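Peer 1: I need the structure of the sequence given here:
(chains A and B)
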Amino acid sequence: MGMTIAEKILAAKSGRKQVVPGDVVTVQLDTVILFDNNFMPSNWRDIQRVCDPERIVVVFDHRVPAPNQLAAGGHRTGREFVKRFGIKRFHDVGREQGISHQLVADYGYAVPGSTLVCSDSHTCSGGVFNCLARGVGGPDIIYAAVKGETWFRCGETIRYELEGALSKAVTAKDAFLQIAGVHGDHATQNVEYGGSGIAGLSINARKTITTMSAELSAEFATFECDEALTQWVRARTKQPFEPVKPDADAQYKAVRKVDLSALEPLVALPDSVVNNSQPVGALKGTRIDQAYIGSCANGTQDDLELAAAVVRGKRVAPGVRLIVVPASQTVYRDALKSGAIATLVEAGATIAPPTCGACGGGHMGVLAAEETCITSSTRNFKGRMGEPSSRVFMASPATVAASAIAGTICDPREFLN
Amino acid sequence: MKFKARVWKVGDNINTDLILPNRAFYLTPEEQVSYVFSANRPGWAEQVQKGDILIGGKNFGMGSSRPAARSLRNLGLSCLVAPYINGLFFRNAVNFAFPAIECAGVDEAFDEGDIAEVDVLAARVRNVSKGVELSARPLPDQLLSIIAAGGIYPLLEKEGSISSKGLSR
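Peer 2: I've put the predicted structure just below:
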């Protein structure tokens, strides 16, 4: 019986010929990423041995630079761990700082056919690289660092065939909000993306879709590999790899077509990402206090360039805070060189250092009671970015930037046409 | 792993931010329990009695990797039964030895305050108050053995891979 991408990697890494939905398998892990939350006192357990320091990456991203003494202490614990076990791939505050899922893209940590875990739920981001990447729990990550393996439960796979090309000012975020709005959650299932339309999507755009697949509650999200992806990975790592294609007779729970050319800018209403999308026009005029562009989903160079194109020569509306967070120092440097940062700052944006920041209500833009934010980040759950009574709308960086200028939720096509 | 107790019910798509909100993120595990559902059901955490059973809705535990399952366990709940459970929450439930099983129709079979009898190994859920019995999805042996061991940390401590105390200060 044929297998999907996820099933093939699960089989290869567990030493089996065949994996089918319902199987629980123990797989070898190629990459294990620890991040600052793991080292915080309420989470950390002192590891006495690791499987292989070369397979481990340590990233500080959720609370950087340390906003308080507790985070500073966690960072110190993390630095001691790195030193003790000689971890070479360490992303502290500084030149190689960034959100772990962006660093995976920047440094080629996820190669086609490989396995990767991190105890951040958006780790499925790495699925863009034709890699089996999954967010796991804190104890899982400690187990993975020690043993170099973990268990996975294989679910049925839903296949999305992306076709056509996105219209101007319509983005991969809108494509995701379309899928989430129409099909709801995909809990206990894998999602697989392919089709003729992926050729027209940049790697960054595809990464928005795999990152956001955490919001579908998918077990794994994987993209098919193509020449653009192969080139991206080869430019960043010397590690050999073999792309994994689904078998021609792979078994899917469903195959669904998405016509990218038919999409328009969408907005998810507060409190839920799934089953909650509306055309931007339906929200037109909704007043906002804050506009946020960043996170592992939408803090890439593409996103910053798009936001800059929207705000160029304009000013952020009085009473609105536009916060822009490049997802890594690499993105930050590229956006400095291109002039996007200058354009954003000139328009009135505040640029925060690469961090998960306010996406999880941590710091750098937390909301007060009753405030309204439109964000391009990953989640809009009640209380996610601050006080439970605050409201978080979710949209593309273009829609967020347009709304920051207008002071109310606004269609980006008014700015980009 | 058999439990018989009063049930509490919550709706569909209960997310991890509701169970363990950011405000409580870095408090001690003991302190975190009083924040469970503080945004959607203020005062509930104080009413839970040791051994109570939680009946969840569809996609229970959607969201982040935070140790939300640990808070439900520490609150004194004996187990969770939901039509289907978010995969990441489910991992943490296993990690922290909090029995969580999937059972189609369980959300409709119970009203809050009913008495439930849950047999995790046999994968059976009974509403004692209404006389209804349902089949649940059996937990694989591999995962049952982690739960029986008290979760991942006791397993790693036993073999000396982690120390029983954190480095944290």
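
Peer 1: residue 16: neighbour count?
Peer 2: You didn't pick a chain, so chain A it is. By the criterion of other CB atoms under 10 Å in any protein chain shown, residue A:16 has 14 neighbours. Any C-beta I mention is one placed from the backbone N, CA and C, and that applies to glycine too.

Peer 1: you looked at the wrong chain, it should be chain B
Peer 2: 25.

Peer 1: tally of neighbours for residue 112?
Peer 2: All of this refers to chain A. The number of residues packed near residue A:112 is 21, by other CB under 10 Å.

Peer 1: that's the other chain; I wanted chain B
Peer 2: 10.

Peer 1: what do you get for residue A:333?
Peer 2: 14.

Peer 1: residue contacts, residue 93?
Peer 2: With no chain named, the answer covers chain A. A:60, A:64-66, A:75 (CB atoms under 8 Å, 6 or more residues apart in numbering or on different chains).

Peer 1: oops, I was thinking of chain B
Peer 2: B:61, B:69, B:80, B:85, B:99-100.

Peer 1: among those residues, the buried ones, what's the ChimeraX command?
Peer 2: A single ChimeraX command selects the buried members of the contacts of residue B:93 (16 or more other CB atoms under 10 Å in any protein chain shown):
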select /B:61,69,80,85,99,100
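
Peer 1: quick one: which of the contacts of residue B:93 sit in helices?
Peer 2: residue B:69 (DSSP state H).

Peer 1: among the contacts of residue B:93, which pair sits farthest apart?
Peer 2: B:61 and B:99 (13.6 Å; CB to CB).

Peer 1: for chain B, what spans make up the strands?
Peer 2: Along chain B, the stretches classed as strands by DSSP state E are B:2-9, B:53-55, B:79-82, B:100-102, B:115-119, B:124-127, B:132-135.

Peer 1: I misspoke; the intended subject was the stretch 151-300 of chain A.
Peer 2: Assigned strands in the stretch 151-300 of chain A, in chain order: A:156-163, A:189-194, A:221-223, A:254-259, A:266-268, A:277-279, A:290-293 (criterion: DSSP state E, counting those that start in this stretch).

Peer 1: which bits of the stretch 301-417 of chain A sit near chain B?
Peer 2: Counting by CB under 8 Å from any CB of the partner chain, the stretch 301-417 of chain A comes close to chain B at A:360-362, A:379, A:381-384, A:388.

Peer 1: what does the stretch 1-150 of chain A put close to chain B?
Peer 2: A:24, A:26, A:39-49, A:70-71, A:73-74, A:77, A:80-81, A:119-121, A:135-140, A:142-143, A:146-147.

Peer 1: nearest to chain B, of the strands of the stretch 151-300 of chain A?
Peer 2: With respect to chain B, and counting by CB to the nearest CB, the nearest of the strands of the stretch 151-300 of chain A is strand A:189-194 at 9.1 Å.

Peer 1: can I get the closest one in PDB, CA atoms only?
Peer 2: Presented in PDB, the C-alpha positions along strand A:189-194 are these (Å, rounded to 0.1, in the frame of the first residue of the first chain):
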ATOM      1  CA  GLN A 189      -4.500  14.100  11.100                       C
ATOM      2  CA  ASN A 190      -1.500  15.000   9.000                       C
ATOM      3  CA  VAL A 191      -1.700  17.600   6.300                       C
ATOM      4  CA  GLU A 192       0.300  17.500   3.100                       C
ATOM      5  CA  TYR A 193       0.700  20.300   0.600                       C
ATOM      6  CA  GLY A 194       1.500  20.000  -3.100                       C
END
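
Peer 1: what's that strand packed up against?
Peer 2: Judged by 3 or more CB pairs under 8 Å, 6 or more residues apart in numbering or on different chains; DSSP states H and E, strand A:189-194 is in contact with helix A:5-14, strand A:156-163, helix A:203-212, strand A:221-223.

Peer 1: tell me the most buried of those?
Peer 2: Ranked by mean neighbour count, these are led by strand A:221-223 with a mean of 29 (mean count of other CB atoms under 10 Å in any protein chain shown).

Peer 1: what segments of chain A are helices?
Peer 2: A:5-14, A:69-85, A:100-107, A:138-147, A:172-183, A:203-212, A:227-234, A:280-283, A:295-298, A:301-311, A:329-338, A:340-347, A:397-406, A:413-416.

Peer 1: mean pLDDT added to those, as a markdown table?
Peer 2: Below are these laid out as a markdown table (pLDDT from 0 to 100):
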| stretch | mean pLDDT |
| --- | --- |
| helix A:5-14 | 98 |
| helix A:69-85 | 97 |
| helix A:100-107 | 98 |
| helix A:138-147 | 97 |
| helix A:172-183 | 98 |
| helix A:203-212 | 98 |
| helix A:227-234 | 98 |
| helix A:280-283 | 98 |
| helix A:295-298 | 98 |
| helix A:301-311 | 98 |
| helix A:329-338 | 98 |
| helix A:340-347 | 98 |
| helix A:397-406 | 98 |
| helix A:413-416 | 94 |
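
Peer 1: which one of the ones you listed lies nearest to residue B:90?
Peer 2: helix A:138-147 (11.3 Å).

Peer 1: cheers, nothing more for now.
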